[in-house]
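Visitor: test case, fold it:
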Amino acid sequence: MQKSLLGKRPIHQTKLNNELTNSRPLFMFNKLKQLKPSTLAVLVQSVAFLTVLIIFKFSYLIVNVGVSSFSIIDFVIMQSLLAAAFSYCLNMAVWWRWIHLCFPLAMLAMTHWQLPNEFYLAGFIISLSLFWTTFRSQVPFYPSRPIVWKQVAKIMPKDRHLKLIDIGSGLGDMSMYIAKVRPDSQIEGIEIAPLPWLVSRLRVKINRSKAIFKLGDYHALNFADYDIIFAYLSPAAMLALWQKSSREMKTGSLLISLEFEIPGVNPTMRIAGNDHSPAIYVWQI
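Guide: Purely as a prediction, here's the structure:
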């Protein structure tokens, strides 16, 4: 019989830190946080824009300062600060806060600078190489954080050689970290977007990492070849991931998901998240 990777350790399932209460404002706040990051980003910028308009309107009514007294730079700076503040209040990832802060300022700068058409073409190509499969796979580019890598390393048993693969490995940070702290195991990553995959391959050579990175779709993999599958995908991909995992993975192997649960399937272990990182879910096959 395949030995359980979790062994006989007791399983602790901690409660969510932000349980929904009967408070309607808190309920709405949690509903907003459940939106997809791209949808929430558009909403944040829209609300920031409307808030600036309201502030300027009230400034005229209260202190008799007209909108014409403000420059477009004043307007854009205020929107940038408000959007960054809103994203912070919604516990969006740190990179989203910087995006909200810089996006209005970048748009203003681009309208004033006479940038060549090649600049926009380069931006399009870079974006395409990052997100070109998002509409088909419904999995956007989601980098994980060091606190997650350390938690995954703790979950891995230390008494045997393991094969772990990170599906949607992005720039390769987690795979290279695990390969460093677990040199006794084989650590792989697979990425469907070409630019992150290329960056991860270059970083492996520069850092002389033992991690292995593949370009392709994880659906083409045989999950039976691995002891641990790590995924940071999206809610839309979780049911198909579970169907493939339950069909192919060996008894006792582990499926680990960052942030996203499998609908209708209770995890074997749950590691609670916080303001700096989402929860981690573990299913033992």
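Visitor: in a helix, Val204, correct?
Guide: Yes: counting by DSSP: H, G, I helix; E, B strand; the rest coil, Val204 is located in a helix.
Visitor: now do the contacts for it.
Guide: Contacts of Val204 were listed using Cβ atoms under 8 Å, 6 or more residues apart in numbering, and they are Gly172, Met176, Ala211, Phe213. All C-beta spots, glycine's among them, are computed from the backbone N, C-alpha and C.
Visitor: tell me which of these fall in strands.
Guide: Among the contacts of Val204, the subset assigned to strands under DSSP state E consists of Phe213.
Visitor: please parse the chain into its domains.
Guide: The chain breaks down by automatic domain parsing into domains covering 35-114, 146-284.
Visitor: go through these and find the least confident stretch.
Guide: Out of the domains of the chain, domain 35-114 stands lowest, with a mean of 76 (criterion: mean pLDDT).
Visitor: so what's the gap between that one and the chain middle?
Guide: Its chain's C-alpha centre and that of domain 35-114 lie 23 Å apart, by Cα atoms, centre = their mean, to the nearest Å.
Visitor: for stretch 105-116, same thing?
Guide: The gap between where stretch 105-116 is centred and where its chain is centred comes out at 29 Å by Cα atoms, centre = their mean.
Visitor: list the buried residues in the longest helix anywhere in the chain.
Guide: With residue count as the measure and DSSP state H as the assignment, the chain has helix 37-63 as its longest helix. Residues of helix 37-63 classed as buried under the neighbour-count rule (16 or more other Cβ atoms under 10 Å) are Pro37, Leu40, Ala41, Val44, Gln45, Ala48, Phe49, Thr51, Val52, Phe56.
Visitor: after it comes which helix or strand?
Guide: Following the chain from helix 37-63 toward its C-terminal end, the next helix or strand by DSSP states H and E is helix 72-89.
Visitor: list the buried residues of that following helix.
Guide: In helix 72-89, residues buried by neighbour count (16+ other Cβ under 10 Å) are Phe75, Val76, Ile77, Met78, Gln79, Ser80, Leu82, Ala83, Ala84, Ala85, Phe86, Ser87.
Visitor: and that helix, what does it pack onto?
Guide: Under the contact criterion of 3 or more Cβ pairs under 8 Å, 6 or more residues apart in numbering; DSSP states H and E, helix 72-89 touches helix 37-63, helix 94-112.
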